[in-house]
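**Q** fold the following and give me the result.
(2 chains)
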Amino acid sequence: METLDLFLPQVWFAILALFLFLYVMLDGFDLGVGILSLTASTEERRGILMTSLSNVWDANETWLVLMGGALFGAFPLAYATILSALYIPILTMVFGFIFRAVAFEFREHANRKIFWNYAFGVGSFLASLGQGFALGGVLGGIEVDELGHFTGGTWDWLSPQSVLVALTLIQGYVLIGSTYLVLKTEGSLQATHRKTARIAAVTTLVGAVAITISTPIFVQYARQRLFDPPFIYIFAAIPLIGIFLIWRLWVSLYRERDVAPFVLTILIFLLTFVGLALVVFPFIIPTNITIYQAAASQSSLVFMLIFIGVLIPIMLFYNIYQYVVFRGKVTSSYYGE
Amino acid sequence: MEFLQDTLVLSRMQFALTAIFHMLWPILTTGMAIYLVIVEGMWLRTRNPDYYHHARFWAKLYVLNFGIGVASGVPMEFQFGTNWGPFSEAVGDFFGSILGFEASMAFMLEAGFLGIMLFGWERVPPIMHYLATIMVAFGANLSTFWILTANSWMQTPAGGEVVDGKFVVSDYFQAIFNPFMINSVAHTFLATLETSLFVIGGISAWYLLRGRHPQFFNRSLKIALAATIAVAPLQIYVGHLNGEQVYERQPTKLAAMEAQWETIPAGQTAPWSVLALPNVAAERNDWELSIPNGLGYILELKPTLSKPVLGLKEWQPEDRPAMVGLVYYAFRVMVGVGFFFAALMGVTVIQWLRGKLSPEEIGQQRLLLWSWMFAGPLGYLAVESGWVVRCVGRQPWVVYGQIRTADAVSNVPPGNVVGSLTLFILVYSLLFVAALYFGSRIIRKGPNLDRPVPGAIRDLGTNPAEHSPDSRPAEAK
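**A** You can find the predicted model right below:
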């Protein structure tokens, strides 16, 4: 293969990984806060939770829209096959998003807020659940014919392994949501979410251990990859680093730090992400279609790279600016315009 | 209930439903964003707090619409993969790239600055806030540009050809600047702006009829009116250009728009049918009312045609749009609304010139104000009708002349689509009712004119009429 034929799909794989990671990190805490809002003891507390997200959730969700558009353009075959195979998880996520998004607008104007409270919390939960099953479904492998078209059944994505992945992802989102709230709130609300962060840290760890053990047992292609040198050394290191990070997270929560728990959670997410990417690469539809087979034409990849590549630093810049503008603790439960 | 077993029909229904519903919200947000740029700019220039309150009040309706627009827009993107997998695979090279551009250039810009525009009034300097408002408006309208580029390309695919069922692009710029692109973008841009202006005008008329905040809403009505003086006639002209292009490049669509079954040869005069009852089974109109020579004037501004207008019978039934009556009437609704808007603008301008629109007197112009209220929702009707003409008229092709809709649908079990379609119907109905309910709540509540102006010295005086503009440079404030 020519160098460009190898290089361009790899670049686009990396760009998509970046978009997906930014999405999982940023909308991850949105969704986590959303799920946690179901546990809020008072309307005021729920209001503060929503205020902490009101100015950023929309930009955060856009990373997924961007990931979708870029996947569609760079790997059209993967876009078509994966989304067709994951019809039910994707629709679950979509309906979750719908309820989450409109809850912000409608709750503010409603006299009786209870319906929109549930729309927000349950919507966040459904979106996370759909994403977890989608991830689990992709990792479990998608049945395709020699052209890469989906040939499996409606429920192929559902397996014990994907249930485990979905539950763990939800715990992960609750964890990052909790540490985000530790960062953004103060007083008794902050104390509450130090507690939820500790619980979520434990449940996420349990889930991660279970996935680490069960994946090589149930997923054949992953077994080959994991025990294949030099990967075995990397994969041996990942759980060790992970345990170290969780220990530091635990300590930082115990010492009542504001920023460190959130940063450490991001590092845990990053570590997991690197691990998953190494298991999957160079497949984009495990275990049959590689990024090279699913890639759009070379000219298309170059064309997109010119337009979107230049924009990535600009997008990062104004998104960071937005966080700078809204830095500091959230004190008011009023999130109206 | 045979269609319940047909994935193609169900997927089309689902796409149509989500598209029609989604479109309702960005129509207003893209147009109103420009209005917000205007009023905030006026505030920065004159420092009249009235303009600031305009920016704040209309932004409330803006954000309500934006939230639902996002909520209903995300499903559209995913549907290309879930329900139209073969389409995504066949056209991903170009169409997918364009959706990526829309997300990265347009939507991200809008979403990234929206927070500052809505919540940043006290956190950033006024000029930075204004920049955020401009970026939101720019991003929103750039979305129109990219989405319409993608859709125009589906109407007049250019820049490559279909090889083995896959569209291979040879020239991206030719594909972007496809024959329909410029006129389609212009037509939709003007449509969103015109709809928003008449919504703002209609809501203002509602307040004026009730005598609530006459000064305030007189101003918003006049800003909207001033903008429509340019927009309404221009839209009719651009619409005409679009029609000419359909005549040239999409003969099956033109025939459906005019319910023209028989070909009219070149050199003949052609009547324009105003109303008709198209009968698809019998391939004729059961009943028709037409204006002699009308079609010639509409298409070429002269009574006789220089090129033939092809009738639907020129094509096999499977190669022409099936829903002729729908396309025919949707077109007439769109055109009717466009002319009504221009007429209402004209009458209102005359009254303005006669001095009848002063805040004291405008309350007496009841018929005029009622007409503006009536016009408020009509823009939506026109835009939706336009989309029906555009996309139903393109059938049976998803990419005109290249890829059939029937070949573009995912092979998912019909039961899945029945389930998702049912959920979409239920959820979207709920959202629609809730949006009307909460939207009308915001309107009934009215603007908060006591809201302190950011950065202002608090003892400037409470009466806005006595307010003298601050002429110091921005840094000095």
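
**Q** phi, psi for residue B:83 please.
**A** Dihedral pair for residue B:83: phi -110, psi -20, per degrees, to the nearest 10.

**Q** now do the residue lying closest to it once chain neighbours are set aside, the pLDDT please.
**A** Nearest non-adjacent residue to residue B:83, counting by C-beta to C-beta, 6 or more residues apart in numbering or on different chains: residue B:11, 4.3 Å away. (Each C-beta comes from the backbone N, C-alpha and C, glycine too.) On pLDDT, residue B:11 comes in at 93.

**Q** separation between residue B:11 and residue A:120?
**A** Plainly put, residue B:11 is 30 Å away from residue A:120 if you go by C-beta to C-beta, to the nearest Å.

**Q** these two - which one has more neighbours?
**A** residue A:120 (28 against 24; other C-beta atoms under 10 Å in any protein chain shown).

**Q** verify the contact between that one and residue A:36 for me.
**A** No - contact criterion C-beta atoms under 8 Å: residue A:120 and residue A:36 do not qualify, at 10.7 Å.

**Q** before we move on, back to that, you'd agree the residue nearest to residue B:83 is in a helix?
**A** Yes - assessed with DSSP: H, G, I helix; E, B strand; the rest coil, residue B:11 lies in a helix.

**Q** need the phi and psi values for residue A:230.
**A** Dihedral angles of residue A:230 (phi, psi; degrees, to the nearest 10) stand at phi -90, psi 0.

**Q** disregarding residues adjacent in the polypeptide, which is nearest to whichever residue of the stretch 201-337 of chain A sits closest to chain B?
**A** Of all residues in the stretch 201-337 of chain A, residue A:300 sits closest to chain B, at 4.3 Å by C-beta to the nearest C-beta. By the measure of C-beta to C-beta, 6+ apart, the closest residue to residue A:300 outside its immediate chain neighbours is residue B:93, 4.3 Å from it.

**Q** who are the contact partners of that neighbour?
**A** Residue B:93 is in contact with A:73, A:76, A:296-297, A:300, B:166-169, counting by C-beta atoms under 8 Å, 6 or more residues apart in numbering or on different chains.

**Q** just the helices in chain A please.
**A** For chain A, the helices defined by DSSP state H cover A:3-37, A:43-54, A:57-74, A:76-85, A:87-109, A:114-139, A:160-184, A:187-218, A:220-226, A:231-254, A:260-280, A:291-294, A:298-304, A:310-325.

**Q** return the set of buried residues in the helix or strand of chain A at the bottom of the mean pLDDT ranking.
**A** Among the helices and strands of chain A, helix A:220-226 carries the lowest confidence by mean pLDDT, DSSP states H and E, at a mean of 78. Buried residues in helix A:220-226, defined by neighbour count with 16 or more other C-beta atoms under 10 Å in any protein chain shown: A:221-222, A:225-226.

**Q** who touches that helix?
**A** Applying C-beta under 8 Å, 6+ apart, the set of residues contacting helix A:220-226 is A:139, A:141, A:215-217, A:231-232, A:235, A:278-279, A:283, A:286-287.

**Q** distance to chain B added to the residues you listed, as JSON lines?
**A** Conversion of the contacts of helix A:220-226 to JSON lines gives the following (distance: C-beta to the nearest C-beta, whole Å):
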{"residue": "A:139", "distance to chain B": "18"}
{"residue": "A:141", "distance to chain B": "18"}
{"residue": "A:215", "distance to chain B": "26"}
{"residue": "A:216", "distance to chain B": "30"}
{"residue": "A:217", "distance to chain B": "31"}
{"residue": "A:231", "distance to chain B": "30"}
{"residue": "A:232", "distance to chain B": "35"}
{"residue": "A:235", "distance to chain B": "31"}
{"residue": "A:278", "distance to chain B": "25"}
{"residue": "A:279", "distance to chain B": "23"}
{"residue": "A:283", "distance to chain B": "17"}
{"residue": "A:286", "distance to chain B": "17"}
{"residue": "A:287", "distance to chain B": "20"}
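
**Q** and the furthest pair within those residues?
**A** The largest separation in those, counting by C-beta to C-beta, is between A:141 and A:232 at 21.2 Å.

**Q** quick one: which of those two has more around it?
**A** residue A:141 (20 against 12).
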